[in-house]
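**Q** return atomic coordinates for the entry below.
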Amino acid sequence: MLIGQGIDVHRFASGRRLVLAGVEVAHEFGLEAHSDGDVVIHALCDALLGAGGFGDIGHHFPDNDPAFKDIDSRVLLRRVMETLATQQLSLVNADLTIVAQAPKLAPHIAAMRACLAGDMGCPPARVNIKATTSERLGFTGRGEGIATFAVVLLEHPPGFLD
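**A** Okay, here's the model as predicted:
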């Protein structure tokens, strides 16, 4: 088994749509980023890449590469899963925590889980998503942006670590 963790943060920005775990969420702001700013998928990609020993999302999809300007982060997630498949690594489970004072995310969790599971080729039961506030503390509490923490467990084939 291989464990990976990922963390990502993005500040809110006007004139952008808010996309979290591949799901568009109604909110007055989106997230500032070179891509679509999906902070959930970015943290998940970092956790997956880290568990497999493949570096981080910035190495694979640099924010100074025009090819990734405004890209749908679901495309990035599918590419990460293809990278893992080259080494016969498979997802056991993923656990994600989204930290945001607003918007309320509970109504979107089921759709988010289904979206991520579809892109990772696993049952939704292997993807857990929680949302919390930071009790008005820090940049998330002041409504300046969103953070996500991700932990994944991968299974590897015999001899992978030799």
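**Q** looking at this, residue 24 is in a strand?
**A** Yes. Counting by DSSP: H, G, I helix; E, B strand; the rest coil, residue 24 is located in a strand.
**Q** and the residue nearest to the spatial centre of the chain, how far from residue 21?
**A** Among the residues of the chain, the one closest to the centroid is residue 41, at 1.9 Å (CA atoms, centre = their mean). Distance of residue 41 to residue 21, computed by CB to CB, to the nearest Å: 6 Å. C-beta: built from backbone N, CA, C; applies to glycine.
**Q** overlap in contacts of those two?
**A** Common neighbours of residue 41 and residue 21 (criterion: CB atoms under 8 Å, 6 or more residues apart in numbering): residue 116.
**Q** this structure: helices as residue ranges?
**A** Taking DSSP state H to define them, one finds helices in the chain at 39-52, 57-60, 73-86, 109-120, 138-141.
**Q** can I get these in JSON lines including mean pLDDT?
**A** Output for the helices of the chain, formatted as JSON lines (pLDDT from 0 to 100):
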{"stretch": "helix 39-52", "mean pLDDT": "97"}
{"stretch": "helix 57-60", "mean pLDDT": "91"}
{"stretch": "helix 73-86", "mean pLDDT": "96"}
{"stretch": "helix 109-120", "mean pLDDT": "97"}
{"stretch": "helix 138-141", "mean pLDDT": "91"}
